[in-house]
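Asks: Below is the sequence, then the predicted model.
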Amino acid sequence: MRNRRIRKLPKSVISHIAAGQVVERPSSVVKELVENALDAASTKIEIELENGGIDTIIVSDNGSGIESQDLEIAWDSYTTSKIFSLEDFSRLTTHGFRGEALSSIANAARLKIVSRTEKARYGTELLVENGQQKYLRPAGSKRGTTVTVDKLFSSLPARKKFLRSPKIELGHILHVISGYALCYPNISFRVFHNSTLLLSTPLNQIQKARLTSVLGASLKSNLLVVKHQSKYIKINGFIGVPRTATTGTHYQYLFVNNRLVADLSIIKSLKKAYNTLIEPKRTPILILFLELPSDCVDANVHPRKEKVRFSNPVEVVKAVEDAVTKTLAKAGYISVKDRPSHREMNTELGTKLKLAVQTWKPSSISMKSTDVLQVKNVFLIIESSQGIAIYDQHAVHERILYEQIFNTYEESAKLKKISRLTNLLKVEIPITDRPHLEDAVKILSRLGFALKTSERTVKISAIPDMYSGRDVAQIILDLFEDLHAESEATLFDDITHRTLSYLACRSAVKAGDSLTKKQCKDLLHQLSGTKIAHSCPHGRPLLYEISHKELERMFHR
C-alpha cells in the first residue's frame, strides 16, 4: 500500500499543477500573450498559429519590450512589473498582474521570447523547455516582443489528451482575438492560421468599421447600439436584434474595464430584458463594455482571469438589464410601460388541463370544420371529429420544411428547383465562423445554393425555391452557429440531421407571425402529407388534442 503520510509536493509537480490552472488550452496561451502585448502599449499585434495553436503559437508586438535583466526572471513564478503591494489590487489598470502566465506556459510547453526595448542597442533571446532555462543571449530584434510557444502540453500528456480538434481549438482562439479586436479598434490585429491570413484590422479604426472587419457587414447590420449611464456604471456596446439570438456563446463579448470576462448573472439579466422576444434556450448576441471604478471590481478571483467579482453585483446586473431594456424599447421591440409578463394559470384548472391533454397520432385527427383559429399568433386550433386539436404553428411549419429540405438533400444528384437572384447576395462571415466555411459550403451546395466563396465572403447567385422570400443571409449565418455545436462530429453525415433541422427551424414561421386563414389551412394540409406529423425535427410535440369526453369531464357534464 502506498505511503499516505502528508508531505510537501516536489517543485516540479507544483509547477505542473499551476500550469494546468492557468493554461487550459491554446486559447489560454493566446489570451495571456495578447493581454501582455496590450499591457506593453502595443499598437500592432500579430498572431501566427499552426494546427489550431496545438503545434505552434507566435505572438508578436511593437510594445515597450522587456529589459535583458528582466527577461531572465520574467518566466519565474510571481514575477511582475504590474503590482507591488496588496493595495495595488484595488487600482488595477492592466490585464495581467499576478506574474503567472509566462511561468505556466514555460512549464506546459517550449517557450522562446525575443524582446528589445526602444533604448536598447540589441534584443535578448530566452529559451525555456520543460520548466528549465536553456539559454539567455543577445539577439537581433526590432522593438517589441515576440513569444513563440511550441509543443503545448508535451510534458503534460494527461492534459493534452483533453484537447479538441484543431478546428475547435482555433474557434476558441478566434473568439478571444476577435473580442480584443472589438475592444481596441485603435490597435492593428493580424491573425494567420497555417500561413493563411484570417484577420487583418488597420490602426485607429472607428468602432463601426471594426465591427464590420471582425463580425462582417451581415451581422453588424442586425446590431442595436447600447448607451447607458447608471450612477457609477457606464455601459456601451451593441446587442443583436431578437431574431439573431443564438444557442451558443461565440457571439458574446462582455468586457469589464476592458477585461474580457464571462458572467452568468449578467447574461441572465440580458435574457430577462429580452423576455419572450427570444426562445428560452437561446441567448442574444452582445458586445458590451462595462466601466466601473477599479475599486468596485475584484479581478483576482479566477486562475485565468475569466471572471470578476463586483462589490455590488445586484446593482451591476440591474444596470445591464435597464440598459438592454431601454435599447430594445427604443428600437420598438418592447414597451417599457407594458412589458410582457408570464400569466399565472389557476392551479386547479391547470391541473385539469394537464390531465386532460393527450398527444395524438396525426392519423387520428380529421378536420370536422374547415375553420382554423389562430390564437396569439402562436397556435392553430381546429375542431376535429374527436374534440379540439391545437397545433404549434412554428413546429408544424418546421416539420414540413425539414422533410422538404431533407428530400432535396437526399436527392442532390437530381436537378433542383432553384431561383436565380437578380442581384448577387453577399454574406460576410464573422472570423469565429471561418473554420467551418468548408462544411457550410458542402451543405449549401448540396441543397441547391449556387455560391462562390472568398477568404471571408459567401457570394450567392441562386437559391432553392423553398427559400424564396426568406432572409437567406440570416439563415446562412445560423447554419454556422449549428456547425459550431456539431463540429466534433467525426463524419460529415453525423451533422446532417441536426444542421438540416435547424435550417428548417430558422426558415419556418415564428411564434408571433400573423397568418391568413388560407395560410393556416395550407400549413395543416401540408402537415398531413409528412411522414412524421406529431413532432418537430427536434422531437418537440407539435400537436395536442382534448377529446370531447375530457372536455365534458372538465365542465362536470
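Replies: That came in fine, so what should we check first?

Asks: What ranges does the stretch 1-150 of the chain have for its strands?
Replies: Applying DSSP state E, counting those that start in this stretch to the stretch 1-150 of the chain gives strands spanning 44-50, 56-61, 110-116, 123-129, 132-139, 144-150.

Asks: Out of the ones you listed, which is closest to residue 330?
Replies: strand 44-50 (35.3 Å; Cβ to Cβ). (C-beta placed from N, C-alpha, C; glycine too.)

Asks: helices or strands up against that closest one?
Replies: Helices and strands touching strand 44-50, by 3 or more Cβ pairs under 8 Å, 6 or more residues apart in numbering; DSSP states H and E, are helix 26-39, strand 56-61, helix 166-183, strand 188-193.

Asks: Which of these sits closest to residue 401?
Replies: Nearest to residue 401 among the helices and strands packed on strand 44-50 is helix 166-183; the distance by Cβ to Cβ comes to 28.0 Å.

Asks: Now the closest one - C-alpha only, CSV.
Replies: Output of helix 166-183 as CSV, limited to C-alpha atoms (Å, rounded to 0.1, in the frame of the first residue of the first chain):
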residue,chain,number,x,y,z
PRO,A,166,-7.7,21.8,-34.3
LYS,A,167,-10.9,23.3,-35.8
ILE,A,168,-12.5,23.7,-32.3
GLU,A,169,-9.3,25.0,-30.7
LEU,A,170,-8.9,27.5,-33.5
GLY,A,171,-12.5,28.6,-32.9
HIS,A,172,-11.7,29.3,-29.2
ILE,A,173,-8.6,31.3,-30.2
LEU,A,174,-10.5,33.4,-32.7
HIS,A,175,-13.2,34.2,-30.1
VAL,A,176,-10.5,35.6,-27.8
ILE,A,177,-8.8,37.6,-30.6
SER,A,178,-12.0,38.9,-32.1
GLY,A,179,-13.1,40.1,-28.6
TYR,A,180,-9.9,42.2,-28.1
ALA,A,181,-10.0,43.4,-31.7
LEU,A,182,-13.5,44.8,-30.9
CYS,A,183,-12.4,46.3,-27.6
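
Asks: so what does it touch, helix or strand wise?
Replies: Using 3+ Cβ pairs under 8 Å, 6+ apart: helix 166-183 touches helix 26-39, strand 44-50, strand 188-193, strand 196-200, helix 207-215, strand 252-256, strand 259-261.

Asks: highest average neighbour count across those?
Replies: helix 26-39 (a mean of 24; mean count of other Cβ atoms under 10 Å).

Asks: out of the strands of the stretch 1-150 of the chain, which comes closest to residue 255?
Replies: Nearest of the strands of the stretch 1-150 of the chain (Cβ to Cβ): strand 44-50, 16.8 Å.

Asks: hang on, the earlier thing: tabulate the helices and strands packed on helix 166-183 (TSV), appending distance to residue 126.
Replies: Below are the helices and strands packed on helix 166-183 laid out as TSV (distance: least, Cβ to Cβ, whole Å):
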stretch	distance to residue 126
helix 26-39	14
strand 44-50	19
strand 188-193	23
strand 196-200	28
helix 207-215	33
strand 252-256	31
strand 259-261	27
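
Asks: In terms of mean pLDDT, which of those ranks lowest?
Replies: By mean pLDDT, the lowest-scoring of the helices and strands packed on helix 166-183 turns out to be strand 259-261, with a mean of 89.

Asks: Understood, closing this out.
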